[in-house]
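Asks: Sequence and predicted structure below; questions after.
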Amino acid sequence: MTETILEVHNIGVYQAPGQPIITDVNFEVREGDIVILQGKSGAGKSTLLKALAHLTLYEGEIDYRGKTPQSYGIPNYRTRVLYVPQRPSLLPGTPREFLKVVTGFKSHKSQHTLDIHEPIRVGKAWGIEEELWDRNWSNLSGGESQRVALAIAVGMRTAEILLLDEPTSALDAQTSITVENYLTQLTKSPDSNLKAAVWITHSPDQSKRVGTRFLRIADGTLREESSYV
Ligand SMILES: Nc1ncnc2c1ncn2[C@@H]1O[C@H](COP(=O)(O)OP(=O)(O)OP(=O)(O)O)[C@@H](O)[C@H]1O
């Protein structure tokens, strides 16, 4: 039987008391799932991913492998259920400097799989030459910084679930497919830590290519669909 990784019970996020962005969200993520999260702009998709990563206040419960996020320690939990923003906003310095900082965190160090060269290798597979790692973030194009940030998230090899917030929105069609194939194959590989993803996209074509399950947020709550609609 396929193992459940994440169980989400009655999640609600509020922008102010009595003003919910999302309520009564229930679903689970199992090994091998690439869960497409769809919904209109402003529906609450990013809000839900941030709640799953414990990056925003929420009510309700999250179980990761049968335990609460707190029981892992929140920084450690966040490396396993890892949110990848659409673009790294306003980061100082260069990607290589950023990589050195994040790989120095105790929560990452405690995991034996870490290899700081792996993100650079992943980036190369997506057309990111090594010299770009020494350029300031502010001097990278939108598509370059998006791929570098994703390469860091993937190359750390700490995540079991990636929470992907429009991960290819700044990429051309061909590069987007290269990244998609890499992520879907990694999710299926028995040697990989990565077991699943929750993936926001506005692209019906991308949803069909990568999705194994389809969730939609509408009117402040979530429902499962049989396909992208
Ligand atoms: N920190 C916050 N405080 C108050 N309101 C917020 C906050 N974050 C998000 N919102 C509001 O919550 C709603 C959902 O935002 P969210 O970013 O989750 O939407 P989304 O579905 O990801 O949209 P898009 O497709 O445009 O990225 C929006 O109305 C947004 O303005």
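Replies: Thanks, I have it. Numbers count the residues shown, from 1 in each chain.
Asks: Identify the nearest residue to Leu91 in space, disregarding sequence-adjacent positions?
Replies: Counting by CB to CB, 6 or more residues apart in numbering, Trp137 is the residue found nearest to Leu91 once chain neighbours are left out, at 4.6 Å. Any C-beta I mention is one placed from the backbone N, CA and C, and that applies to glycine too.
Asks: Give me the neighbour count for that neighbour.
Replies: The tally of other residues near Trp137 (other CB atoms under 10 Å) stands at 20.
Asks: Got phi/psi on it?
Replies: phi -50, psi -40 (degrees, to the nearest 10).
Asks: How about the contacts made by it?
Replies: Going by CB atoms under 8 Å, 6 or more residues apart in numbering, Trp137 touches 88, 91-95, 98, 145.
Asks: Helices along this protein, start to end?
Replies: Ranges of helices within the chain are 45-52, 69-72, 74-80, 95-104, 106-109, 118-125, 142-155, 173-188, 204-210, based on DSSP state H.
Asks: In JSON lines: those, plus distance to Glu166 and mean neighbour count.
Replies: Converted to JSON lines, these look like this (distance: least, CB to CB, whole Å; neighbours: other CB atoms under 10 Å):
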{"stretch": "helix 45-52", "distance to Glu166": "9", "mean neighbour count": "23"}
{"stretch": "helix 69-72", "distance to Glu166": "24", "mean neighbour count": "15"}
{"stretch": "helix 74-80", "distance to Glu166": "19", "mean neighbour count": "17"}
{"stretch": "helix 95-104", "distance to Glu166": "20", "mean neighbour count": "17"}
{"stretch": "helix 106-109", "distance to Glu166": "25", "mean neighbour count": "14"}
{"stretch": "helix 118-125", "distance to Glu166": "19", "mean neighbour count": "19"}
{"stretch": "helix 142-155", "distance to Glu166": "9", "mean neighbour count": "23"}
{"stretch": "helix 173-188", "distance to Glu166": "11", "mean neighbour count": "16"}
{"stretch": "helix 204-210", "distance to Glu166": "10", "mean neighbour count": "16"}
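Asks: Please tell me how far the most centrally placed residue in the chain sits from the ligand.
Replies: By CA atoms, centre = their mean, the mean C-alpha position of the chain lies nearest to Leu163, the distance being 2.2 Å. Separation of Leu163 from the ligand (CB to the nearest ligand atom, to the nearest Å): 12 Å.
Asks: what's the answer for Pro69, then?
Replies: Pro69 sits 19 Å away from the ligand, going by CB to the nearest ligand atom.
Asks: That residue: what's it in contact with?
Replies: Contact analysis of Pro69 by CB under 8 Å, 6+ apart lists 54, 62, 77, 81.
Asks: Looking at these, state which has the most neighbours.
Replies: Val81 (24 neighbours).
Asks: Excluding chain neighbours, what is closest to it?
Replies: Counting by CB to CB, 6+ apart, Ile161 is the residue found nearest to Val81 once chain neighbours are left out, at 4.9 Å.
Asks: Kindly report the same for Thr56.
Replies: That would be Lys50: by CB to CB, 6+ apart, it lies 4.2 Å from Thr56.
Asks: Next one, pLDDT for the spatially closest residue to Glu130 that is not a sequence neighbour please.
Replies: Nearest residue to Glu130 in three dimensions, chain neighbours excluded: Ile120, at 5.9 Å (CB to CB, 6+ apart). The confidence metric pLDDT takes the value 94 at Ile120.
Asks: for Val229, same thing?
Replies: As predicted, Val229 sits at a pLDDT of 64.
Asks: now Lys106
Replies: In this model, Lys106 is scored at 54, pLDDT.
Asks: now do the one 3 residues further on
Replies: Reading off the confidence values, Lys109 has pLDDT 52.
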